[in-house]
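> Turn this into a structure:
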Amino acid sequence: MTKVNESEGRIRQKNKAIIFDAAKKEFVTHGFKGASIKRIAERAKIPRANIHYYFKDKTDLYQQLLSSIINVWNTDYDTLNADNDPKQALSDYIRAKVMHAKDDPDGSRIFASEIIHGAPVLSEYLNSDFKSWLASKVVVIESWIEQSLIDTVNPHHLLFLIWSSTQHYADFNVQVVAGLSKDKMDEQDFEDVVASLTQIILKGCGIK
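This next block holds a predicted model:
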């Protein structure tokens, strides 16, 4: 790749990131149907034409945004590998998921909304790449069970439990802060979440 192409690639990546950040706010606030490219451009403080340069329409932007959210979850926050110690791997995974709920709550809420509405955009992904990724993690957990490194648990439900409990602090944050009698969660609150969920989940897997 030439220096010019590398530079163009960095600019493209930077501009799309700016658009994605603005789109997250718009989709969380108005949902897919109520969101508008005009307001996304206003949020991003860029001309509307700049968005259409990278995305064909609102649906294309929404699809690419969902793909970027999923890609982060499946790569940057993936510690579940057969060669890893299950205690460390699960602890790291729980921490990463909780901190992702703290750092990018809008991403989690957009994904949750898509699923709640029947996954009209993600249905193909859920029946292809998602199933393959999930199956690979089930194999990892089953290998830990076979080696007596963790108790016999249902791998699917263990993963569902981790996802639901960690993403709860993004998707249902309004309820959480009301229950905690706070205006918002601070850094220590999220550390407490990590410690509590880690203790509960590891103990449930028979890990000391």
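> only C-alpha atoms for contact and neighbour calcs from this point on.
Fine.
> Please identify the helix or strand for the residue most central in space within the chain.
Geometric centre of the chain, nearest residue: Trp73, 4.7 Å, by Cα atoms, centre = their mean. Using DSSP states H and E, Trp73 sits in helix 58-75.
> now swap in Glu124 and tell me
Applying DSSP H and E, one finds Glu124 within helix 123-126.
> I'd like the next helix or strand past the longest helix that the chain contains.
Ranked by number of residues, the top helix in the chain under DSSP state H is helix 3-34. On the C-terminal side of helix 3-34, the closest following helix or strand by DSSP H and E is helix 37-44.
> now that following helix and helix 58-75, what's the angle there?
Orientation check (axes from the mean of the first three to the mean of the last three Cα atoms, to 10 degrees): helix 37-44 against helix 58-75 gives 50 degrees.
> Pull out the buried residues from helix 37-44.
Neighbour-count burial for helix 37-44 flags 37, 40-41, 43-44 (criterion: 16 or more other Cα atoms under 10 Å).
> May I have that helix as CSV, with CA atoms only?
Backbone C-alpha positions of helix 37-44 (Å, rounded to 0.1, in the frame of the first residue of the first chain) are rendered in CSV as follows:
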residue,chain,number,x,y,z
ILE,A,37,-29.2,11.5,8.2
LYS,A,38,-29.7,15.2,8.6
ARG,A,39,-29.5,15.1,12.4
ILE,A,40,-26.6,12.7,12.3
ALA,A,41,-24.7,15.2,10.1
GLU,A,42,-25.6,18.0,12.5
ARG,A,43,-24.4,15.9,15.5
ALA,A,44,-21.2,15.1,13.7
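> tell me what that helix is packed against?
helix 3-34, helix 48-54 (3 or more Cα pairs under 8 Å, 6 or more residues apart in numbering; DSSP states H and E).
> Give me the distance from that helix to the chain's centre.
Distance of helix 37-44 from the chain centroid (Cα atoms, centre = their mean, to the nearest Å) equals 23 Å.
> contacting residues around that helix?
18-19, 21-23, 26, 47-48, 51, 57-58 (Cα atoms under 8 Å, 6 or more residues apart in numbering).
> what do you get for stretch 200-208?
Here stretch 200-208 makes contact (Cα under 8 Å, 6+ apart) with 87, 90-91, 149-153, 162.
> rerun that using 10 Å as the cut-off
With contacts defined as Cα atoms under 10 Å, 6 or more residues apart in numbering, stretch 200-208 is touched by 86-88, 90-91, 94, 145, 148-154, 158, 161-162, 197-199.
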